[in-house]
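Enquirer: pasted the sequence and its predicted model underneath.
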Amino acid sequence: MKKRSLMCLILALSLLVCACAAPVEEGEERDSNYLYVYNYGTYIDPDVIDMFEEETGLTVVYDVFDTNEEMYPVISSGSVKYDVVCASEYTVEKLWKNGYLSEINLDNVPNFKYVNDICRQFAEQFDPGNKYSVPYNWGTVGILYNSRMIEEGEITKWSDLWKEEYFDEIMMMDSLRDIYVAPLCMLGYSINTTSEAEMREATDLLIKQKELVYSYKTDAIRDFLLNESAAIGQIYSGEALYCQEDDEDMVYVVPEEGSNIWFDCWVIPKNAQSQKNAELWIDFMLRPEIGFMTYEYVGYSTPNSATEEMIKEEYPEEIDNQALFPDQELVDNCEIFHFLGADVDRMYNNFWKELKAY
Amino acid sequence: MNKRSFTAPYIIWIIGGTLIPLAMMFYYGLTDESGTWTLQNILAIFEPGNLRALWKSLLYSAACTVVCLLLSYPIALILRNVKRAKGVIVFIFLLPMWVNFLLRTMAWQVLLEKGGVINGILSWIGLPKARLINTPGAIIMGMVYDFLPFMLLPINNVLSKVPNSLTEAAYDLGASKAQVITKVLLPLSVPGIVSGITMVFVPALTTFVISNMLGGGKILLIGNIIEQEFTVGDNWNLGAGLSIVMMIFILVSMAFIAKFDKKGEGLA
Amino acid sequence: MKKHSVLKKVYMAVIILFLYAPILTLMVLSFNEGRTMGKWTGFSLHWYEDMFADEDIMDALKNTVIIALVSAVVSTVIGTLFCLALPRLNSKMRSVFLALNNIPLLNADIVTGLSLMLMFVAFGITLSMGTVILAHITFCIPYVVLSVRPKVRQLGMTHYEAALDLGATPWVAFFKVVLPELRSGIFSGFLMAFTMSVDDFIVTHFTRGAGINTLSTMIYGQVRIGIRPTVYALSTIVFVVVFILLIASNVISGKSATVKARRKAES
């Protein structure tokens, strides 16, 4: 009897494995004619994908996620194999330090020459020499508000998001590291704090704010601000630009207490099916005209110096826009996120859970 | 035919699709990252955040179950006496159930949002906007909407099987209408109520979709916590441990409800 | 008495309004020109055009149908075979199997989905469309068993044995005698498996691979990014298709329309 059940077990397993492995053997889905891309939601011009497919003959299988925290376990567990993934700087750091990334051969990415100084400089802090990552977009975290509902100039600080007069009008990011930028900067602490006491204080502040908050969202914040479901929200600079295009009364500020400057980069996971295809993609994304298309679609600051010139030529009115071309003073006031180690990650996560469950 | 070997594919599937996965769940739930056995993932339910989420889940799903019961019992009573086109009327009540569950929940988001339809109508007739979405009420209402048919159906099935001669006999013996309902129909419909309760309570207790879509990320239920541990929290062991706790809660509540069923049948 | 029946009608009307208002809202908004949900800006069909041109939606639709068809067919075959073999088992084995059959029915979807994902990952199986189908078959089989088993019990062995006595081979007896008798049970089992698969979100969410979206996961993704009115158009079409299919299947097989819910009720 025992033997038989063991047989059954083995049979069951082999059946399951066969069933799942079938597509691999057919060679339909998994050979190098495919490129598996994992990116943030609404973070690319669909035409760019079509152009890439047309030029290379590869089929792009495109998939999206909401936050770095959601993407990381997918890559680390290997449950889904992607060729090229978009990750923010601290997740890039976390991924390579934990050995989940392949080195990018920059010889295969000739367009890397276009990458501007600011991106190269900051890369030293999370991926020295761009061994594992090539920048895609960058920007800041700030506050966007509707000047029809809140008088222009009223909002300058993170602490303005705690004003009771904005009851039910405030949107905060549903993203662990991003949401803590506000209270940590307000309190004058580093956004990379490892102190439990500081995080305690920050969490208490957020809990205090919760009653005023309309909802916690990430990508959807812009829609809620645009349709006036809320008047003020924490937002990424590019989303702010997108909103301003739709509605001129939207005002973007990087709070004076300081904020986060971030770099979203392409990385190649260790378990990628085709490093070559991934590098083709990365190089393609760094072409000046593709960078320009990306800018027009997603509206973030570009790492590409040639694209920058194109934008300045095409949209001279945007040169002073701090959401797009932040000046040196603003950049100096901002900090990037760092990977803080598994224990601190866990501590952050517990605090965040406490806030959300409160 | 009727060969015993016909059970082979089924057995394989039960083992590969149910037993091994459940074993994996228990393995993850009872070990830590390094693979050593531990109870900390189970005991983590007593951490304030998790406990609060579990409490809210129990509260909301209980509320949802009660509301579903109160709403659907009168419908079933009315349907019992419908003579003409009963099939069509039952069909009308069940039709929304076939529309995709996410679409139905999304529809409430569209209705309740501050820039949504209800507030649009309110401001159109000159009333101030109301805070509708991202509240416990919105979540409970979404649950009621999604799960109401699961309560209505079993009760309706049981009630429509009660022969009219029985109620007529009760009237003949001088029972009032209220007495017929409480003394005759209610005891007879206990099995239907019980299966309705389980069918509403379990999905309501474990949902994370409704609370996500109608709670604006402000209200976490135990389902959200588990989902988050497997995604953003990246702590599968903890997520599995909390899943085990949730399974235990379901088993206990079902045993509790099943006990009622037996009593009910005894009464009948 | 009169007053009572008015009260009853009002109550029924209110509940029906509650059930249909959200769906009707989506239908109305799908014809709205603008994209804000609170304001009517004019009649337009362009969201329908956009919907049919939207590759994501069309892909999701295709995936949904493929996954539902494959998992419904496989689970119907496996479940029916199992029901046929059940009477041959001794009663102890039978009750063990039937108890096991209840696990996926009673288990919360989130546990089913997560535990399957844990297994796939533990055995190094990359999540894909295949894993979604396997997962769907897993939760569909019990529904097939629930709807086929009563028919098998009703039928008993006598028909089959009579056919054998009259000189039919076992295969002929099976296909000509047994199968036609089970047809309605098998059909309703298939239908139920199909609808359960189409309606599923949670299990798919945890077991899907790169770029595999069903309608449910696509909608979930959209809700997080921001709902586009193309989804309203989609939901209108879904509703109309469901309506037509249900009427049709009502006509074909009497009561099978209420089968899904009724079975679920009996579980």
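Expert: Yes, it's here. On a predicted model such as this, the values are computed, not experimentally measured, just so you know.

Enquirer: okay, CA-based contacts and neighbour counts for the rest of this
Expert: Fine.

Enquirer: any stretches of chain C with poor pLDDT?
Expert: Under the criterion pLDDT under 70, the flagged ranges of chain C are C:1-3, C:252-267.

Enquirer: separation between the spatially most central residue of chain C and chain B?
Expert: A centroid search over chain C (CA atoms, centre = their mean) returns residue C:195, at 1.6 Å, as the residue closest to the centre. Per CA to the nearest CA, to the nearest Å, residue C:195 is found 8 Å from chain B.

Enquirer: that residue sits in which helix or strand?
Expert: Using DSSP states H and E, residue C:195 sits in helix C:179-199.

Enquirer: how far off centre is that helix?
Expert: Averaging C-alpha positions (CA atoms, centre = their mean, to the nearest Å) puts helix C:179-199 10 Å from its chain's average.

Enquirer: what element comes up after it heading to the C-terminus?
Expert: Following helix C:179-199 in sequence, per DSSP H and E, is helix C:202-207.

Enquirer: which other helices and strands contact that next one?
Expert: helix C:109-122, helix C:129-155 (3 or more CA pairs under 8 Å, 6 or more residues apart in numbering or on different chains; DSSP states H and E).

Enquirer: which elements pack onto the helix holding residue C:195?
Expert: Helix C:179-199 is packed against helix C:55-85, helix C:129-155, helix C:259-266, with contacts defined by 3+ CA pairs under 8 Å, 6+ apart.

Enquirer: can you pull the residues of the stretch 51-200 of chain C lying near chain B?
Expert: By CA under 8 Å from any CA of the partner chain, the residues of the stretch 51-200 of chain C that approach chain B are C:78-79, C:81-82, C:84-89, C:100-101, C:103-104, C:107-112, C:114-119, C:134-135, C:138, C:170-171, C:174, C:195, C:198-200.

Enquirer: what subset of those is buried?
Expert: C:78-79, C:81-82, C:84-87, C:100-101, C:103-104, C:107-112, C:114-119, C:134-135, C:138, C:174, C:195, C:198-200 (16 or more other CA atoms under 10 Å in any protein chain shown).

Enquirer: spell out which parts of the stretch 1-150 of chain B neighbour chain A.
Expert: Counting by CA under 8 Å from any CA, the residues of the stretch 1-150 of chain B that sit close to chain A are B:11-13, B:15-16, B:48-50, B:52-53, B:113-115, B:131, B:134.

Enquirer: which one of the residues you listed sits closest to residue C:244?
Expert: Closest approach between these and residue C:244, by CA to CA: residue B:113, at 31.0 Å.

Enquirer: pretty sure the closest one contacts residue A:230?
Expert: No. In this structure residue B:113 lies outside contact range of residue A:230 using CA atoms under 8 Å: 10.3 Å.

Enquirer: what's the longest strand in chain A?
Expert: Longest strand of chain A, by residue count under DSSP state E: strand A:133-146.

Enquirer: next secondary structure element downstream of it?
Expert: Following strand A:133-146 toward the C-terminus (DSSP H and E): strand A:170-173.

Enquirer: kindly report the residues of the stretch 51-200 of chain B close to chain C.
Expert: Proximity of the stretch 51-200 of chain B to chain C (CA under 8 Å from any CA) is limited to residues B:75, B:78, B:91-96, B:98-104, B:106-108, B:110-111, B:115-121, B:145, B:149-150, B:153-154, B:195-196, B:199.

Enquirer: quick check: buried residues in the helix holding residue C:195?
Expert: Applying 16+ other CA under 10 Å to helix C:179-199 flags C:181-182, C:184-199 as buried.

Enquirer: list the contacts for the closest residue to residue C:124 other than its chain neighbours?
Expert: Spatial nearest neighbour of residue C:124, excluding adjacent residues (CA to CA, 6 or more residues apart in numbering or on different chains): residue A:79 at 7.4 Å. Residues in contact with residue A:79 (CA atoms under 8 Å, 6 or more residues apart in numbering or on different chains) are C:120-121, C:124-127, C:209.

Enquirer: circling back to that earlier point, the longest strand of chain A: which residues count as buried?
Expert: Neighbour-count burial for strand A:133-146 flags A:133-146 (criterion: 16+ other CA under 10 Å).

Enquirer: so what does residue B:235 have for phi and psi?
Expert: phi -130, psi 80 (degrees, to the nearest 10).

Enquirer: how many neighbours does it have?
Expert: Residue B:235: 20 surrounding residues under other CA atoms under 10 Å in any protein chain shown.

Enquirer: pLDDT score for it?
Expert: Note for residue B:235: predicted pLDDT of 92.

Enquirer: so for chain A, the centremost residue is which one?
Expert: residue A:88 (4.9 Å).

Enquirer: look up the closest residue to that residue, ignoring the ones flanking it.
Expert: Closest to residue A:88 by CA to CA, 6+ apart is residue A:264, at 4.2 Å.

Enquirer: what's residue A:232 sitting at in phi/psi?
Expert: According to degrees, to the nearest 10, residue A:232 has phi -150, psi 140.

Enquirer: residues in a beta bridge with it, which ones?
Expert: residue A:145, residue A:170 (DSSP bridges).

Enquirer: tell me the contacts of it?
Expert: A:143-146, A:161, A:169-171, A:225.

Enquirer: among the residues you listed, which two are most distant?
Expert: It's A:161 and A:225 that sit farthest apart of those, by CA to CA, at 14.5 Å.

Enquirer: from start to finish, how long is stretch C:44-60 in a straight line?
Expert: Stretch C:44-60 has an end-to-end distance of 24 Å (criterion: CA to CA, to the nearest Å).

Enquirer: okay, which residue is most central for chain B?
Expert: Centre-nearest of chain B using CA atoms, centre = their mean is residue B:200, 2.4 Å out.
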